[in-house]
Structures are given as C-alpha cells and as structure tokens.
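Enquirer: need a structure here:
(one chain, ligands or ions: 2)
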Amino acid sequence: MKKTVVIIGLGLIGGSLAKSLHESKDNYIIGCDVNQHTLEFALMNEMIDESSSSLAEAAKNADIIILGTPITETIDYMTQLEQISFDHDVIVTDVSSVKKPVIDKANTLTNQHIQFIGGHPMAGSHKRGVTAAKGHLFENAIYVLSPATNCPATAVDTLEELLQNTNSHMITLKATEHDEMTGVVSHFPHLIASALVQQAKKWEETHEFIPKLAAGGFRDVTRIASSNPELWQDIFYHNKQKMVRMIDDWTHEMTALKQMLQNDGRTELTDYLKQAKDYRDGLGAKKKGAIPSFYDLYVDIRDQTGAIASVANLLAEEEISITNIRILEIREGITGVLRLSVSTKNEQLKSQRILQQYGYELMLEE
Ligand SMILES: NC(=O)c1ccc[n+]([C@@H]2O[C@H](COP(=O)([O-])OP(=O)(O)OC[C@H]3O[C@@H](n4cnc5c(N)ncnc54)[C@H](O)[C@@H]3O)[C@@H](O)[C@H]2O)c1
Ligand SMILES: O=C(O)C(=O)C[C@]1(C(=O)O)C=C[C@@H](O)C=C1
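Expert: Numbering: from 1, shown residues only. Ligands and ions are numbered 1, 2, ... in the order given. Just a heads-up that it's a prediction; the model follows:
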C-alpha cells in the first residue's frame, strides 16, 4: 500500500528528499511550505503529488511527516503536531543539522500517536531553496537517525525502509554525540570559513589586489562561507555550547602555532603540518564502516569549452561512474584542475590508464 509522506519545508533538503522519495511509486508526497512559489515549483516539477497550506489537514492522513524546515521552525512545528488528534500512529522525523534541542523537545511530547525519530542527512550545499534540490543529493552520504526515548524499533525500521530511496547510509547516533561530531566537522568549519573571509575583507582595505590573488586555496576553504546566513546563525545558536568550546580549542591551537612561528620551530611546524596532512589524506581511505570510500583523481585541463565533457565522456565510455566532480581552479587561458571521485581503487587506476592514454596529466589520491 502507498505511504503518505508529508514534507514540510521544500527547500534544498526537504525538496531533495521529496525528489528522491517521489521517484518510488510507493509514496504519495504532500508538500507544505510558507512560500507559494516553492509549492508551485515543486508541483510543476513533479517533486510532490499534492500541495497543502494546512498542516493539520495534511498531517491527518500522513504515515510519515518530514520536517524540512530550519531548526527553530522545526521545534515550533513539533508543538503544533502535538495538538493534532491523530487516529493512527504517525512517524515524525526532521532534517535539522543540530539534534539535541529537537530530541529534547521530542522527549517532552505526550501525543501517544507521534513516533519521533530525529534525522540528519550529512549532505547539502551552500545553495538554498527548492530550485537547488537534487534527487541524488544524499547518494552515498551518511544519514544520521536519533530516535526519541520512547520511539519503537518498528518505527525506525519503517523510516529506514522509506529512506532507502535516498541511497544514503543510515547510522544511529545519540543526539549529544551527533552534535559534538557535527560541531567539529561541519558547524565549526562554517564559522571559521566566514571568519577567514572577514579577515580577507579587512586586509582588502589596505591591499586592494587581495581578491585577485584569492585563488584555489582560499576559494576551496571558504566555499561554505557562501551559505545561507539565517540558516547558519540558527544552527550555531542551537549548538552554541559546543561552538563556544570549539572556539576555545581553536584559540589554543592558534596560540600553539603562533609560538612555533615565534620560536622558529620549523621541525615542530613541519610535524604539525605532516600530522594534519596524514589525517586529511586518510579521511577518504576508510575501507570499511559507515563512511564510504572515495578515490580521487586530479586531472589538468585547459580553459576551453567542452574540456570537462571530454574527460567525463572518456570515462563514461568505459562505464566508470564518477561519484563527484569539482573544478578546483580554473584561471583564464591556463590549465585548471578537475577533481574526479570514483568509488573503487580499480576504477581509479582504470581512469588513470584511460586518461593518460589520451595525453592527460594527472595525479591520484586515495
Ligand atoms: N543546507 C544544508 O547543507 C543542510 C544539510 C543538511 C541538513 N540541513 C538542515 O535542513 C533544514 C533546512 O535547510 P535547507 O538548507 O533545506 O534550507 P532552505 O532555505 O533551502 O529550505 C527551507 C525551506 O523551508 C521553508 N520554510 C521556512 N519556514 C517555514 C515554515 N514556518 N513553514 C513551512 N515552510 C517553511 C522555506 O520556504 C524553504 O523552502 C535545516 O534544519 C538545516 O539545518 C541543511
Ligand atoms: O556541502 C556543504 O556546503 C555543506 O555545508 C553541507 C553540510 C556540511 O557541513 O557538510 C552542511 C550542513 C549539514 O547539516 C550537512 C552537510
């Protein structure tokens, strides 16, 4: 029997979920959003079967409700859902980047029909809104689930079954450990990226050529500073204790680096950089466990029309599937670097052989 899935908030994440869930004919998707254009876009692009402006109406018939809204709105919606008289059990999940405040709220709900499971797909982008949504956004990504205290295991099974459509890897984490870990590898880096951009902006006051020198390195490390400011202040706010602790850690780290420089500690500094490099290089090399492997190739390409398509076509002809593609640096008139990711070592080596045959210069990274 078809499952009725209500998605509230059809932006980048809610819209991407709508797209991937709608691909299965087993789901009937009802979309709700404060933005009328978003609903029209979602209907027109067949991301949803029906739109609704009434949460109560839509929720009544739902088997599963997904809150795809910013965290503060998600918590408000949980209060509203609590008031609805359901005549059957309904699974409610969210996609918020911070889990503790959401799970704390879920644990206070007394509506016996609500089975709450916190959710967080670990994929996204600096873009926002329904037009940025992609059906394959969560492919190979980690999807964290954090069930509320009284949530039955059968509800988790049902949600996992639904989310199979996303082709993500689901893992269960406690809210606090989730927030600590995402604090380190997601939230804090966003804060630092914005701080780096602010620093460059200040230096530009006395060095106006700075933006022209901002090449691959600066662009790589600050891409996420282009994310939605309202959304990110909400994430920082809801994870503020962890953020404050990480700012202290960071200050300590910077002080240590400052001392190395002031003391001419070149060996110490090399060791520090080497340790960081080894750890960073090892991130993609996990052979087992929940984190999928990615094998990267860095290909030199020229700044000319069709350069990327040529590389992609050569690999497609050999049925090598590219799991990620990124231009790291292209400057007018000279070569740039294309980073391609594939899923296995074999595919990486095969890609290397094919591209070298066609004269491409490249480098491999595991
Ligand atoms: N952006 C990311 O990379 C990312 C990744 C994983 C999880 N998340 C989480 O996903 C959630 C949504 O983020 P996003 O990036 O999709 O944002 P977004 O701005 O792209 O989408 C939010 C959507 O919610 C709608 N909305 C806002 N308030 C609403 C309300 N009161 N009622 C109904 N609709 C409302 C907006 O109109 C918009 O369509 C956040 O909780 C965020 O923490 C974001
Ligand atoms: O790729 C990006 O731009 C993201 O910021 C995605 C990202 C991340 O930090 O990795 C951002 C927030 C999330 O909650 C999950 C994923």
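Enquirer: against Leu21, how distant is the spatially most central residue of the chain?
Expert: Taking C-alpha atoms, centre = their mean as the criterion, Ala123 is the residue nearest the geometric centre of the chain, at 2.0 Å. Using C-beta to C-beta, to the nearest Å, Ala123 is found at 15 Å from Leu21. Glycine gets a C-beta too; all of them are placed from N, C-alpha and C.
Enquirer: show me which parts of the top helix by length along the chain are buried, residue by residue.
Expert: With secondary structure taken from DSSP state H, the chain has its longest helix at helix 240-262. Buried positions in helix 240-262, judged by neighbour count with 16 or more other C-beta atoms under 10 Å: 242-243, 246, 260.
Enquirer: picking that back up, show me the contacts for the residue nearest to the centre of the chain.
Expert: Ala123 sits next to 137-138, 141, 168 when contact means C-beta atoms under 8 Å, 6 or more residues apart in numbering.
Enquirer: next, format those residues as a markdown table and append pLDDT and neighbour count.
Expert: As requested, the contacts of Ala123 are exported to a markdown table (pLDDT from 0 to 100; neighbours: other C-beta atoms under 10 Å):
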| residue | pLDDT | neighbour count |
| --- | --- | --- |
| Leu137 | 94 | 21 |
| Phe138 | 94 | 23 |
| Ala141 | 93 | 18 |
| Ser168 | 95 | 21 |
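Enquirer: quick one: contacts for Leu297?
Expert: Counting by C-beta under 8 Å, 6+ apart, Leu297 has contacts 339-342, 348, 351-352, 355, 362-365.
Enquirer: go through these and flag which are in helices.
Expert: Mapping the contacts of Leu297 onto helices (DSSP H) picks out 348, 351-352, 355.
Enquirer: so what strands line up beside the worst-scoring helix or strand of the chain on mean pLDDT?
Expert: The helix or strand of the chain with the lowest confidence, counting by mean pLDDT, DSSP states H and E, is strand 324-329 at a mean of 76. Strand 324-329 has these partner strands in its sheet, going by DSSP bridges: strand 336-342 (antiparallel).
Enquirer: so the strand it pairs with, near ligand 2 or not?
Expert: No. Figure legend: strand 336-342 not in contact with ligand 2 (C-beta under 6 Å from any ligand atom); closest approach 13.9 Å.
Enquirer: please begin residue numbering at 607 from this point
Expert: Happy to do that; since the first residue is 607 now, the last one works out to strand 942-948.
Enquirer: so what's the gap between that strand and the chain middle?
Expert: 20 Å (C-alpha atoms, centre = their mean, to the nearest Å).
Enquirer: got a pLDDT number for the residue of the chain most remote from its centre?
Expert: Distance from the C-alpha centroid of the chain peaks at Asn869, with 39.9 Å (C-alpha atoms, centre = their mean). pLDDT for Asn869: 98.
Enquirer: many thanks, we can stop here.
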